[in-house]
Each structure stands twice: as structure tokens, then as C-alpha cells.
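S.K.: need the 3D shape of this:
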Amino acid sequence: MNNKLLTSVMLSTFVFMMQTGLAEDKGVLFYRKGKPIFKSEISPAYSQKIFEAERQYYLSTSQIYQEIFLEMHLQDEAKNKNSTPEAIRREFFKSSLVGEKKAKEWFEENKAKLGGRSFESIKGEIIGFLTRIEEEKAANIFFDKMRKNGDYKDNLKAPMPISIDIKVSEFPKRGAINSKIKVIEFADYRCPHCIKTFSTMEKIVEKYKNKVEFTYIDFPLSDLSSKISAGGVCSNQQNKFWDYYTLAFKANGNFDDKSPETFAKDLKLDLNQFNSCYSHSATKEKVKLGQNEARRIGVTGTPAIYINGIFQHSTDEEDLSKTIESLF
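M.R.: Model (predicted):
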């Protein structure tokens, strides 16, 4: 084929692909007045939103595919055993049934969050809730086996998580400073989930303190939380941030306006220096710096943990450890 003909064929192919949507401009999100808008042009917050939408689509579609596969499996089993799909389903999930004893245990552990409702009034809801959890576990075990045996494989492609460049130079760090593996936590001292995650993070820090750099950034969600965060800024001036951080989280959210000074006294800080810092406008700006960085990258709640710039959907110790160790 001569060059002129080859060029003509290539041009025709390209036009066809563009017209049929088979070729896409890499990284183009949409066109604004005819001008392509690329992923690189949007803020980290919007990039994260797009990823979360793609991730949710992937998870939801994957779940639907598995439901379809399981229905087919149960129908085949019913035919093989001369039974009905309903009977096979009951057999499949019989180990997932939750009794009153387990429901009562869950109620006792969580009754403080249930608005004073009695066990009898919500027993059915609890049993249904716990049974669905157990059924999901059973289904996960089943599909893990199917994948391992090569009997199940979907044609979905998981979206690639985005790594965000988080500005951490102004915030307290510990562990292996300048390590290539960086864990960053945005948290609020009054947030119940943050308080619970505190003990997890302490275990993670102790486990990887010689291999990982850890950064803490305040993202206070109330005026009182901002005051506690301001105390952390001032304790950092006296090289006592992590001691203050520990006292604050161990207070379990029981704070008042005097709490920062109380912690400063407990830590035997120079109170004149601490109070001068606490009342200075620069301290409030330092707290806002963390809030602004959180909003810039799309943090919508606390705690928000990032490992090498990638948001972690789980704050479970095992999951965080697995992610960290994958980077060694």
C-alpha cells in the first residue's frame, strides 16, 4: 500500500472512530463552548467526587451481577436436587439466621444510640438487620470460592483511585519523617468516630513508626472543636503537640471553653506563652489553614485518612495495615 493510500485509510478510520465515539480524548471530561475541559483542570475536590461516583457505580453494578449469578446458581441447584429455588435459598442462607440471643447482645451494646426504644419494640428490626449482615458474609464467602475456582468473573473494570497532593508542611508530623509512605489524618476532637479511630491510629503509628510518616490535620466542625484545635497549635509551639493530642482524644469529647488551658496545665506548659498564643489571631488562621486544605481536597466528614494521597474508605486497623504494607 502506498503512503498516500495509507494516509487516506488512517484518516478515514480516525474520522469514523470520532463519529462513532470509539475514540475519546484522553482525560477530557466535557466540552465548554467547544473547548475540551481536562481532568487536570478541575479541583482535587471535584476529582474525588468523580471517583466516588465511578466507585459507587462499580460497586452497585458488581452487586447486581452477583445477585443475577446467585439466582442462576440457585435455579441450577434446584433442578439438580428436584427442589425449588426458594428452598435452596433457605438452605444456602440457613447459617445466616440470627436468633433473639444475638439480637439482645447487639441491643445491649448499642442501646445508648437507640433513643430509649425497648428491645421488644425493635427486636424484629435488629434481627432483620443482623441477618442481612450474615447473609452478605455468606455471599462473599461463596463468591470468593467461585472466583478462586474460575467459576465467576465479571467484566467490570474498577475505577483507579486518585492520589491527591495534600499540603502538609504546616502540620505536626511523627514517625519516619520524609518516608515515601505518608499517612495523613483529618479529624475533629469531638467527632465520635474520630475518638474511636484514635486508638486504631495509635496502634498503626506504633506498628509502623520506623517506616511511615504520619501527619495530623485539624478539621474542626464546631466552634468548640476549633478552640480545642487552637490549643493544639499552641502546644505544638512548645513541642508538646502529640501529648496534647492524646489528652484531647482521651477526653472522649467532654470539653468546655476552659479545656485547652486545662490540658496546658496538665502538660506543665508555659501558661503565659500558651495563653498569648491562644488569643493571637495567627492561631485561628492556623486552624483555618487545616480546614481550608480539607475543603480544597474534598473532605466532607471526619475522620478522613489518606495513604500516599489516596482516600481510605475503611478506618479498620487490618485494612489500613494491609494498604500500608502493600507499599513497602
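S.K.: list the buried residues for stretch 118-132?
M.R.: 122, 126-127, 130-131 (16 or more other C-beta atoms under 10 Å). Yep, even glycine has a C-beta here, placed from its N, CA and C like the rest.
S.K.: now Tyr244, nearest residue through space, not along the chain?
M.R.: Distances taken as C-beta to C-beta, 6 or more residues apart in numbering place Ser235 nearest to Tyr244, at 3.7 Å, with adjacent residues excluded.
S.K.: distance of that neighbour relative to Asn254?
M.R.: 18 Å (C-beta to C-beta, to the nearest Å).
S.K.: same check, this time on Ala78
M.R.: According to C-beta to C-beta, Ala78 and Asn254 sit 57 Å apart.
S.K.: who's more crowded, these two?
M.R.: Ala78 (16 against 8; other C-beta atoms under 10 Å).
S.K.: what about the helices in the stretch 1-150 of the chain?
M.R.: 3-20, 44-80, 85-92, 100-110, 119-149 (DSSP state H, counting those that start in this stretch).
S.K.: now those in CSV, with mean pLDDT and distance to Cys191?
M.R.: Converted to CSV, the helices of the stretch 1-150 of the chain look like this (pLDDT from 0 to 100; distance: least, C-beta to C-beta, whole Å):
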stretch, mean pLDDT, distance to Cys191
helix 3-20, 44, 49
helix 44-80, 94, 20
helix 85-92, 91, 40
helix 100-110, 91, 18
helix 119-149, 92, 24
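S.K.: let's have these in TSV, adding distance to Cys277.
M.R.: Converted to TSV, those look like this (distance: least, C-beta to C-beta, whole Å):
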stretch	distance to Cys277
helix 3-20	61
helix 44-80	31
helix 85-92	63
helix 100-110	41
helix 119-149	48
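S.K.: between those, which one is nearest to Pro260?
M.R.: Closest approach to Pro260 among the helices of the stretch 1-150 of the chain (C-beta to C-beta): helix 44-80, 30.2 Å.
S.K.: in the stretch 151-300 of the chain, where is pLDDT below threshold?
M.R.: Of all residues in the stretch 151-300 of the chain, none has pLDDT under 70.
S.K.: for Ile217, helix, strand, or coil?
M.R.: The three-state label given to Ile217 by DSSP: H, G, I helix; E, B strand; the rest coil is strand.
S.K.: number of nearby residues for the residue lying closest to it once chain neighbours are set aside?
M.R.: In space, not counting the residues next to it along the chain, Ile217 is nearest to Gly290; the distance is 4.5 Å by C-beta to C-beta, 6+ apart. Each residue near Gly290 was counted by other C-beta under 10 Å, and the total is 22.
S.K.: go ahead and confirm Gly290 touches Pro172.
M.R.: No - at 10.5 Å, Gly290 and Pro172 do not qualify as touching, with contact defined as C-beta atoms under 8 Å.
S.K.: gap between Thr283 and Lys94?
M.R.: 60 Å.
S.K.: how close does Ile195 get to Ala112?
M.R.: Taking C-beta to C-beta, one finds Ile195 at 14 Å from Ala112.
S.K.: meant to ask about Phe274, not that
M.R.: 35 Å.
S.K.: ok, these two, which is more surrounded?
M.R.: Under the criterion of other C-beta under 10 Å, the comparison of Phe274 against Ala112 puts Phe274 first, with 23 against 8.
S.K.: where does Asn82 fall, phi/psi-wise?
M.R.: Per-residue torsions, Asn82: phi 50, psi 50 (degrees, to the nearest 10).
S.K.: and Ser229, how many neighbours does it have?
M.R.: For Ser229, the neighbour count with other C-beta under 10 Å is 25.
S.K.: likewise Met146?
M.R.: Neighbour number of Met146 under other C-beta under 10 Å is 16.
S.K.: thinking it is in contact with Tyr152, fair?
M.R.: Yes - using C-beta under 8 Å, Met146 is in contact with Tyr152, at 3.6 Å.
S.K.: joint contacts of the two?
M.R.: Residues within reach of Met146 and of Tyr152 at once, by C-beta atoms under 8 Å, 6 or more residues apart in numbering, are Phe69.
S.K.: picking up where we left off before, quick check: which of the helices of the stretch 1-150 of the chain is nearest to Pro161?
M.R.: Nearest of the helices of the stretch 1-150 of the chain (C-beta to C-beta): helix 44-80, 6.2 Å.
S.K.: show me what contacts Lys207?
M.R.: Ser321.
S.K.: in which helix or strand does it reside?
M.R.: Assigned by DSSP states H and E, Lys207 falls within helix 192-208.
S.K.: what's the answer for Tyr306, then?
M.R.: Counting by DSSP H and E, the element that carries Tyr306 is strand 304-307.
S.K.: for Asp319, which non-adjacent residue is spatially closest?
M.R.: Using C-beta to C-beta, 6+ apart, the closest residue to Asp319 is Gln312 (7.3 Å).
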